[in-house]
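> Provide a 3D model corresponding to the input given below.
(chains A and B)
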Amino acid sequence: DQQVKQNSPSLSVQEGRISILNCDYTNSMFDYFLWYKKYPAEGPTFLISISSIKDKNEDGRFTVFLNKSAKHLSLHIVPSQPGDSAVYFCAASDSGTYKYIFGTGTRLKVLA
Amino acid sequence: GAGVSQSPSNKVTEKGKDVELRCDPISGHTALYWYRQSLGQGLEFLIYFQGNSAPDKSGLPSDRFSAERTGGSVSTLTIQRTQQEDSAVYLCASSLSSQGDTQYFGPGTRLTVL
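This next block holds a predicted model:
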């Protein structure tokens, strides 16, 4: 039973355009969400997070949107750059616990 | 400062052998986590250490897996009698404490069981 789902295994976007990566979750107890970026042969790197008390969090070119009623979050990257090409994982947790539940990742390729 | 480090970066072993994977967390981080990522899967939680408290071992897939954390710092994940399905990337993460603190990951150990 996958509690965090990333239904698009891959995404290609032209440089300068917007990249939108999606994530759905099923557990209504989740109240803290994160995005990690992973390059080959490296560990995941924290990118951005959002608490369920907010519906948007922005950090530079990266914005995470949370729709609690739909149990859906998305990561927007604007403008996309070739260096953004990586695998992006969303993760969720219940702030009362320490376990992150990860999705299976979306491989983003930004074309120059 | 130094991030989370793991060794070895790659390990190839024969089925039935034991392996030990090492993790050095960020200095001062009291919480330490082990995950594994099998091919095409997300990161799967294995075990969690917080200070001197008893670890949460609820994610360990079988009793062939064990982990310890000595002196509240370095951790070793041991897999006994390895099986081919144990092949995966094993990732260690640490955080300042546990509640709501971001987890920082090491580069992982790629384990291949032949």
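> What are the neighbouring residues in contact with residue A:91?
Contact analysis of residue A:91 by C-beta atoms under 8 Å, 6 or more residues apart in numbering or on different chains lists A:4, A:33, A:34, A:35, A:36, A:100, A:101, A:102, A:103, B:43. All C-beta spots, glycine's among them, are computed from the backbone N, C-alpha and C.
> partners of the helix or strand residue A:46 falls within, with directions?
Residue A:46 belongs to strand A:45-51 when assigned by DSSP states H and E. Strands that pair with strand A:45-51, judged by DSSP bridges, come out as strand A:32-38 (antiparallel).
> can you give me the mean pLDDT across the helix or strand following the strand holding residue A:46?
The first helix or strand that comes after strand A:45-51 along the chain, using DSSP H and E, is strand A:56-59. Mean pLDDT, computed over strand A:56-59, is 96.
> Which residue ranges of chain A form strands?
All strands of chain A, identified by DSSP state E, fall at A:4-5, A:10-14, A:19-25, A:32-38, A:45-51, A:56-59, A:62-67, A:72-77, A:86-93, A:101-102, A:106-111.
> Relative to residue A:56, how far out is residue B:95?
Distance, residue B:95 to residue A:56, by C-beta to C-beta, to the nearest Å: 24 Å.
> OK, contacts around residue A:109?
Applying C-beta under 8 Å, 6+ apart to residue A:109 gives the contacts A:10, A:11, A:12, A:13, A:85.
> In PyMOL, how would I select just the buried ones from those?
A single PyMOL command selects the buried members of those (16 or more other C-beta atoms under 10 Å in any protein chain shown):
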select buried, chain A and resi 11+13+85
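> Looking at the contacts of residue A:109, spot the one nearest residue A:65.
residue A:11 (16.4 Å; C-beta to C-beta).
> interface residues of chain B facing chain A?
Proximity of chain B to chain A, by C-beta under 8 Å from any C-beta of the partner chain, involves residues B:4, B:6, B:9, B:31, B:33, B:35, B:40-45, B:48, B:50, B:56, B:59, B:91, B:93, B:95, B:98-100, B:102-108.
> now chain B, which segments are flagged as low pLDDT?
Applying pLDDT under 70 to chain B flags residues B:1, B:98-100.
> which residue is nearest the middle of it?
residue B:34 (3.3 Å; C-alpha atoms, centre = their mean).
> Just confirm that residue is within a helix.
No. Using DSSP: H, G, I helix; E, B strand; the rest coil, the assignment for residue B:34 is strand, not a helix.
> Show me what the helix or strand hosting residue B:23 pairs with in its sheet, parallel or antiparallel.
Using DSSP H and E, residue B:23 sits in strand B:19-24. Partners of strand B:19-24 in the sheet, by DSSP bridges, are strand B:5-7 (antiparallel), strand B:75-79 (antiparallel).
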